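> kindly return the folded structure for what I paste below:
(one chain, ligands or ions: 2)
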Amino acid sequence: MGKTIAIFNQKGGVGKTATAVNLAASISTKKKRVLLVDIDPQGNASGGLGIDKAQLESTVYDLLLGGEKDPKAIIQNTSMANLDILPSNYDLAGAEIELVNQEKREFCLKEALSPIKDDYDYIFIDCPPTLGLLSLNALTAADSVLIPIQCEYYALEGVSDLVNTIKLIKSGSNPDLEVQGIVLTMYDRRTNLSVEVVREVKKHFEDKLYASLIPRNIRIAEAPGYGQPICAYDPFSKGARSYMNLAKEFIKKEEK
Ligand SMILES: Nc1ncnc2c1ncn2[C@@H]1O[C@H](COP(=O)(O)OP(=O)(O)O)[C@@H](O)[C@H]1O
Ligand SMILES: [Mg+2]
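Numbers count the residues shown, from 1 in each chain. Ligands and ions are numbered 1, 2, ... in the order given. Predicted coordinates for the structure are as follows:
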C-alpha cells in the first residue's frame, strides 16, 4: 500500500519544493514508484520537472473542482523512469476560494487520490506556503508530514505554529497524521548559526531530525531552470549527494 507524505511548512522559501522534487526523484532511482503531487498554484514543482505550465490542459484543479474523476487523465511522466507528476499551474489559485463552498472541503484531495494510491510506493505532495484549504487538503490526504526547516536565524520561529497546526489537523480531519521527519535545508557548515540551528532542532524533535543535512548548493537552485531534478542535472554535486543520502535514510527508516 502506498504512503502519502505532505511536504509542509507554512513559511515560504525554506526548501519545500526543492525537497519535494529532489527527494521524490532520488527515491525513484531506488526501485520505488513515486508520484509527486503539485498542489501549489505557483507550480514550481511542475516547472522543476520540465512541465510547460502554460501548455497544461488539465491540472490538479480539474481533479479537485473540475469534475475529473480519473487522476490518470492528468498524471504525466517525467524524465525519471519511476517518477510521475500530477501537475498544477496558476489555475489552482482560485481553488483556495472555490473549495470553501465544497462539501467535505478538506477531503477533496484525499478522495481524488484514492483510486491511484496503490499504484505508487510513495506519493509526495508539495504544499503552498500558506495554511489555506489547499494545504489543509494535503495534510488531510497525507499519512505523514515531512517538514523542511531552513538553517537561518529565525529557523525555530514558526515551528511552534507548525506543531499547533499538526495538532489541529490530528484533532480534526486526520487523526492518524504522523510526523515523517524534519530535514534541515540550506545548511552551511562554515557558520556557527547553522551548527546552532541543528542543535536547537535536535533538542526539539530528537529522532525525527534526519541526519542527512541539505547544504546550500547553487546547483540545487539552478536545476529547476533546466526542468530537471538535481540527481539528473548534476549527479556528482554536493546537492545531489545530499538528497540521495536523504533518500536512503528515508527508505531505511521506512523499511525497518
Ligand atoms: N539547498 C539549497 N541550496 C541553494 N538554494 C536552494 C536550496 N534549496 C532551495 N533553494 C532555492 O531557494 C529558493 C526557495 O526554495 P523552494 O524550494 O522554492 O522553497 P519553498 O518551496 O519552501 O518556497 C528557490 O529559489 C530554490 O531554488
Ligand atoms: Mg514551493
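> how about the residue lying closest to residue 50 once chain neighbours are set aside, what does it touch?
Leaving aside its sequence neighbours, residue 50 sits nearest to residue 227 (CB to CB, 6 or more residues apart in numbering; 3.0 Å). (Each C-beta comes from the backbone N, C-alpha and C, glycine too.) Neighbouring residues of residue 227 by CB atoms under 8 Å, 6 or more residues apart in numbering: 47, 48, 49, 50, 51, 79.
> hmm, which of those are the buried ones?
Neighbour counting by 16 or more other CB atoms under 10 Å classes 47, 48, 49, 50, 51 among the contacts of residue 227 as buried.
> so what's the residue count around whatever residue of the stretch 1-150 of the chain ends up closest to ligand 2?
Relative to ligand 2, the nearest point of the stretch 1-150 of the chain is residue 17 (3.3 Å; CB to the ion). By other CB atoms under 10 Å, the residues close to residue 17 number 27.
> element containing it, please.
helix 16-28 (DSSP states H and E).
> can I get that helix in CSV, CA atoms only?
Taking Å, rounded to 0.1, in the frame of the first residue of the first chain, the C-alpha atoms of helix 16-28 are listed here in CSV:
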residue,chain,number,x,y,z
LYS,A,16,9.8,22.6,0.3
THR,A,17,9.7,22.5,-3.4
ALA,A,18,13.4,21.7,-3.8
THR,A,19,12.9,18.9,-1.3
ALA,A,20,9.7,17.6,-2.9
VAL,A,21,11.3,17.4,-6.3
ASN,A,22,14.7,16.2,-5.4
LEU,A,23,13.7,13.7,-2.6
ALA,A,24,10.9,12.3,-4.8
ALA,A,25,13.4,11.9,-7.8
SER,A,26,16.1,10.4,-5.6
ILE,A,27,13.8,7.9,-4.1
SER,A,28,12.5,7.0,-7.6
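> can that helix be said to contact ligand 1?
Yes. Under the criterion of CB under 6 Å from any ligand atom, ligand 1 is reached by helix 16-28 at 16, 17, 18.
> could I get those as JSON lines with distance to residue 126 and pLDDT?
Formatted as JSON lines, those follow (distance: CB to CB, whole Å; pLDDT from 0 to 100):
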{"residue": "16", "distance to residue 126": "6", "pLDDT": "98"}
{"residue": "17", "distance to residue 126": "5", "pLDDT": "98"}
{"residue": "18", "distance to residue 126": "10", "pLDDT": "98"}
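> tell me what whichever helix in the chain runs longest is packed against?
Across the chain, the helix with the greatest residue count (assigned by DSSP state H) is helix 238-255. Packing contacts for helix 238-255, counted by 3 or more CB pairs under 8 Å, 6 or more residues apart in numbering; DSSP states H and E, involve helix 16-28, strand 178-185, helix 218-222, helix 230-233.
> want to throw the ones you listed into JSON lines with distance to residue 147?
Shown next, in JSON lines, are the helices and strands packed on helix 238-255 (distance: least, CB to CB, whole Å):
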{"stretch": "helix 16-28", "distance to residue 147": "9"}
{"stretch": "strand 178-185", "distance to residue 147": "5"}
{"stretch": "helix 218-222", "distance to residue 147": "18"}
{"stretch": "helix 230-233", "distance to residue 147": "20"}
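> what's the most buried one of those?
Highest mean neighbour count of the helices and strands packed on helix 238-255: helix 16-28, a mean of 28 (counted as mean count of other CB atoms under 10 Å).
> not counting its neighbours along the chain, what's nearest residue 220?
residue 239 (3.9 Å).
> the one you found and residue 224 touch, don't they?
No. Between residue 239 and residue 224 there is no contact under CB atoms under 8 Å: 12.0 Å.
> neighbour count winner among the two?
The residue with more neighbours, out of residue 239 and residue 224, is residue 239; 24 against 21, by other CB under 10 Å.
> can you tell me which residues contact the more buried one?
Applying CB under 8 Å, 6+ apart to residue 239 gives the contacts 22, 214, 215, 217, 219, 220, 223, 230.
> secondary structure class for residue 134?
Secondary structure, DSSP: H, G, I helix; E, B strand; the rest coil: residue 134 is helix.
> what is the burial count for it?
25.
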